[in-house]
Structure formats: C-alpha cells, structure tokens
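1. fold the following and give me the result.
(2 chains)
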Amino acid sequence: MADKFCMVVSEGSFDKAYMPLIMGTTAAAMGSEVHVFYTFFGTKLVTKKANPKLPGMWRIGTGMFKKRMAKVGIPGHDEFMKQAMDMGVNFYACSTTMGLMGVTESDLKPGVKILGAAAFLKLAGESKTTLFIG
Amino acid sequence: MCPMPIVQLAKKVKELKSGQVLELLADDVGAKEDVPAWSSRTGHQLVGTEEEGKLLKFYIRIK
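-> Alright, predicted model coming up:
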C-alpha cells in the first residue's frame, strides 16, 4: 500500500497556495497517497473564486511573480490544482471553517471534498508525514 | 523548475513499458538530488546521469 502524506493549510496567501501543490504533486509523483486539508483562511483557496495574492506589502508584486512562475513552467493556481487532482491528490475543505468563512458546497472547486477534523486526523494518524502550512 | 521535472517524469513513466529507458533533460539544479530520490522511492532505476553546462541529463530504466 502507498504511504500516506498529509498537509494542513491554514492560510490563504499566494505562497501558502502553491506550497501544498508543489509538495503534493511531488509526493504523488513519488508514489504517495496525498491528502490536503484546507482550514481557516486556507479554505478560500479551494473555492472557484480563489485568487491568492502574495502576503503583506508584497501583495502588489503578485502579477510580476505570476509571470516569473509561468516563465519557469509552473502552472497557474487553478490549472496546477487540476493537475494535482489528475495525479490523485485529494483536496478537502474543513467542514467547520466553511461555515465560519462563509463558504458553501457550491462555492468549492469541482473535485474538492468536504471533511471534518476527526476524519482528517484519522488520515493523518495513518500517514508517515504530516506538514502544517500556515 | 522544481517540482515540474519530477511531476512530468511521473506522468511520462505511466506511458512507458517495463525495461524502456527514458531520457530526462532538466535545467533545474534541484533535479540533481530530486531525480535520485524519486528513483530510489519508486524503484525505477537511474542508470546514468550527464551534465552539459546547465543542462542535466538523466537516464531511467522503467521497472
């Protein structure tokens, strides 16, 4: 059976958006079963309207940063997430924070599942590695 | 750039048959460590590496 690899994402900025996609696709490429759990400000990253910006004062440089990433072959956020899903990466929105963040099931990107903390902790307990990205 | 060489490698491997040798060209310095790590983890054997300036070449035998 494949190793499990879990991540918790609690922030919604540009860097926190890409980190789990880079790590997640790499882990999937290395044969792991990947589970990414989005909570608090991370929850908006799995909505259709997701448009992450660089944090703090770097925010205004987001456009330039995106261009640089495109130049080195890293896909845009939405496209990257689709590629990750095609590779079998599982994305979950935290059911509790969805309410807090005003996110409904129909706001989620296609393929994103809803999960509670207990179910995620079960997955994390079975995994060799769990990273917290926040 | 990281992680694209590994991600594209994993996709390509699925299209190939056992015993075939795949040539991977990468201009990402991270690939130097990433490709051997991927190889030992997945069991697809790294049979050779070459460096031509900034370009890295890897030869991988599909298991």
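
2. okay, now the unreliable bits of chain B?
-> Applying pLDDT under 70 to chain B flags no residue at all.

3. for it, what's the longest helix?
-> Counting by DSSP state H, the longest helix found in chain B is helix B:31-42.

4. then chain A?
-> Across chain A, the longest stretch assigned as helix under DSSP H is helix A:14-29.

5. list the buried residues for that helix?
-> Residues A:14, A:16-29 are the ones in helix A:14-29 that count as buried (16 or more other C-beta atoms under 10 Å in any protein chain shown). No exception for glycine: its C-beta is placed from N, CA and C like everyone else's.

6. enumerate every residue touching the residue of chain B most remote from its centre.
-> No residue in chain B sits farther from the centre than residue B:53, which is 17.6 Å out by C-alpha atoms, centre = their mean. Contacts for residue B:53 (C-beta atoms under 8 Å, 6 or more residues apart in numbering or on different chains) come out as none.

7. so it versus residue B:27, what's the distance?
-> Distance, residue B:53 to residue B:27, by C-beta to C-beta, to the nearest Å: 9 Å.

8. same check on residue B:8?
-> For residue B:8, the distance to residue B:27 equals 13 Å [C-beta to C-beta].

9. repeat that for residue A:63.
-> Distance, residue A:63 to residue B:27, by C-beta to C-beta: 25 Å.

10. likewise for residue A:98?
-> Distance, residue A:98 to residue B:27, using C-beta to C-beta: 41 Å.

11. the more surrounded of the two?
-> residue A:98 (20 against 13; other C-beta atoms under 10 Å in any protein chain shown).

12. wait, isn't that one in contact with residue A:44?
-> No: the criterion here is C-beta atoms under 8 Å, and residue A:98 misses it with residue A:44 at 10.1 Å.

13. give me the neighbour count for residue A:47.
-> Applying other C-beta under 10 Å, we find 21 residues neighbouring residue A:47.
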